[in-house]
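Novice: Everything below, folded, please.
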Amino acid sequence: MNNTTTILSIETSCDETGVSIVQYNKTTQKYTVLSDSLNSQVEIHKEFGGVFPMVAKREHGNNLTGLLTHCLENVVSIDGSSIDKKNIDFELINREKELTEKIQTELENTSSLLLKIPEIDYIAVTRGPGLEPALWVGLSFAKFLSKLWQKPMLPINHMEGHISSVLLDTESSHIEFPSLALLISGGHTELVDIENWGKYKIIGKTRDDAVGEAYDKAARILGLSYPGGPLIAAKAKKLRESAVESDIQFKKNQFLIKLPRPMQHSQDLDLSFSGLKTAVLYMVRDLKKNQSVENLPEEIIDLICHEFENSVSEVLISKLNFANKSGNRKYKNLIVAGGVISNEFLKENIQNWCLKNNINFLKPEKSLATDNAVMIALAAIVGLNNKYVSIINPNDKAFLEIKPDGDWSLNNI
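Specialist: Okay, here's the model as predicted:
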């Protein structure tokens with residue numbers, strides 16, 4: 001009996017293209033990343049001030065084949081079988097121009113790794129949520145490989161991937177339930193009650209902008225480049241390190257810098273950050289008018305960044321307080337995942353909240369804080385171990401029918 005499960009995983013939900021190979025040992029219950037390749041499109045999307053879906057789709061098509069071959073090299077052994085190029089069906093990817101061209105070019109090499117069947121057990125791929133044009137590329141590629149190599153395919157929820165990302169930390173590999181998850185990224189902000197693996201209930205979410213989206217929009221208003229979240233965080237951090245809080249507050253009062261804490265006292269778990277972004281817009285407009293300037297001084301921008309970050313932190317902490325006190329759950333863990341957890345100020349405040357409330361704080365390692373393929377493989381292994389993930393064989397009727405679901409909710413796993 002095989003003691004290991006090896007997953008090839010693909011992630012293309014937004015603007016990161018990811019391919020990884022992860023192995024799980026059933027005896028030791030440990031996860032090992034055999035290979036991981038990730039390509040970020042941040043520099044490409046800067047000119048748009050955000051992610052442009054059709055550009056993301058194009059870049060996924062350009063990148064996937066190269067990332068896959070990089071992962072396969074010297075990592076996964078080959079079972080000795082070769083693929084006859086005459087039997088390759090390109091119909092599964094014909095909607096993806098760039099992907100088709102890259103695969104065809106790759107297959108001109110008779111020693112291409114695509115023509116060798118790797119010793120993997122499954123191909124996991126993000127089905128949603130995310131940008132549907134981007135999701136289509138990854139799903140089409142997964143179908144192509146599944147058919148080519150006759151390996152079963154596992155459609156995975158991107159948000160469950162974020163939850164599962166904490167498993168790679170050896171101290172977090174055995175998670176006790178019930179747990180609470182706070183998922184904060186550029187596209188999503190959700191509070192999730194986790195009864196067990198596969199049993200998720202979204203108990204709160206943003207009604208408009210996600211946390212990361214609000215950071216980027218506020219940064220754009222302040223004249224900062226995309227992605228703006230890290231730049232706001234850096235400016236706020238610089239101010240905290242150079243002055244005491246009382247002096248910072250004095251300066252804020254001097255310039256009338258005060259932002260709202262949206263829905264902080266709403267007595268529910270929903271969030272809203274669109275109004276916070278709009279408040280920044282009006283504040284910048286008024287400050288420019290009062291100071292008779294076209295561009296605000298750096299000192300004022302730093303103060304606004306500090307106030308913005310304080311607002312976001314206080315809102316998130318208020319929702320964690322409400323979640324912890326309003327239900328019948330005694331949460332054992334708080335799982336915080338998604339790109340925004342890279343923000344040191346938010347992470348530190350949430351971790352301190354956990355200490356005060358005797359709740360274990362779990363977060364992914366830094367390399368898994370962004371969108372990536374490793375977390376998709378981890379979610380696939382969790383789904384297999386708990387027998388709820390859909391296993392779709394390349395000859396099943398469902399194989400051709402499966403499509404991306406840009407709005408796939410954790411409630412519907």
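Novice: list the buried ones in the longest helix belonging to the chain?
Specialist: Assignment by DSSP state H gives helix 298-326 as the longest helix of the chain. Applying a neighbour-count criterion of 16 or more other Cβ atoms under 10 Å, the buried positions in helix 298-326 are 300-313, 315-320, 322-324. For glycine as for every other residue, the C-beta is placed from the backbone atoms N, C-alpha and C.
Novice: cool, stretch 25-37 as well?
Specialist: 31, 33-37.
Novice: gap between it and the chain center?
Specialist: A distance of 20 Å separates the centroid of the chain from that of stretch 25-37, by Cα atoms, centre = their mean, to the nearest Å.
Novice: May I have it exported as PDB, CA atoms only?
Specialist: C-alpha atoms of stretch 25-37 as PDB (Å, rounded to 0.1, in the frame of the first residue of the first chain):
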ATOM      1  CA  ASN A  25       2.900  11.100   4.200                       C
ATOM      2  CA  LYS A  26       0.000   9.200   5.700                       C
ATOM      3  CA  THR A  27       2.000   7.700   8.600                       C
ATOM      4  CA  THR A  28       3.800  10.900   9.800                       C
ATOM      5  CA  GLN A  29       0.900  13.200   8.600                       C
ATOM      6  CA  LYS A  30       3.500  15.600   7.300                       C
ATOM      7  CA  TYR A  31       3.400  17.700   4.200                       C
ATOM      8  CA  THR A  32       6.500  18.200   2.000                       C
ATOM      9  CA  VAL A  33       6.800  20.700  -0.800                       C
ATOM     10  CA  LEU A  34       8.800  18.900  -3.500                       C
ATOM     11  CA  SER A  35       8.700  21.800  -5.900                       C
ATOM     12  CA  ASP A  36       7.000  25.200  -6.200                       C
ATOM     13  CA  SER A  37       7.000  27.800  -8.900                       C
END
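Novice: contact partners of it?
Specialist: For stretch 25-37, the surrounding residues in contact (Cβ atoms under 8 Å, 6 or more residues apart in numbering) are 3-6, 18-24, 67-68, 70-72, 75-76, 167-168, 170, 173-174, 367, 372-374, 378, 381.
Novice: Ok, stretch 355-363 next?
Specialist: Residues external to stretch 355-363 that are found in contact with it (Cβ under 8 Å, 6+ apart): 166, 169, 172, 175, 179-180, 324, 331-337, 341, 347, 350-351, 354, 369.
Novice: Drop anything exposed from those residues.
Specialist: Among those, the ones that count as buried by 16+ other Cβ under 10 Å are 166, 172, 175, 179-180, 324, 331-337, 341, 347, 350, 354, 369.
Novice: what about the strands in this protein?
Specialist: All strands of the chain, identified by DSSP state E, fall at 4-11, 16-25, 30-40, 78-82, 116-118, 122-128, 153-157, 179-184, 189-196, 199-205, 333-337, 360-362.
Novice: okay if I get the ones you listed as CSV plus distance to Lys252 and mean pLDDT?
Specialist: Formatted as CSV, the strands of the chain follow (distance: least, Cβ to Cβ, whole Å; pLDDT from 0 to 100):
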stretch, distance to Lys252, mean pLDDT
strand 4-11, 41, 97
strand 16-25, 36, 96
strand 30-40, 34, 93
strand 78-82, 62, 66
strand 116-118, 57, 90
strand 122-128, 41, 98
strand 153-157, 41, 98
strand 179-184, 25, 96
strand 189-196, 26, 96
strand 199-205, 29, 96
strand 333-337, 28, 96
strand 360-362, 30, 95
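Novice: so where's this structure shaky on pLDDT?
Specialist: Along the chain, the parts satisfying pLDDT under 70 run over 1, 74, 76-81, 170-173.
Novice: and if we set it to 50?
Specialist: Where the chain drops to pLDDT under 50, the residues are 1.
Novice: Spell out for me which residue occupies the centre of it.
Specialist: Geometric centre of the chain, nearest residue: Asp371, 3.6 Å, by Cα atoms, centre = their mean.
Novice: ok, the residue lying closest to that residue once chain neighbours are set aside to Gly228 distance?
Specialist: Distance criterion Cβ to Cβ, 6 or more residues apart in numbering; nearest residue to Asp371, sequence neighbours excluded, is Glu16 at 4.3 Å. Separation of Glu16 from Gly228 (Cβ to Cβ, to the nearest Å): 17 Å.
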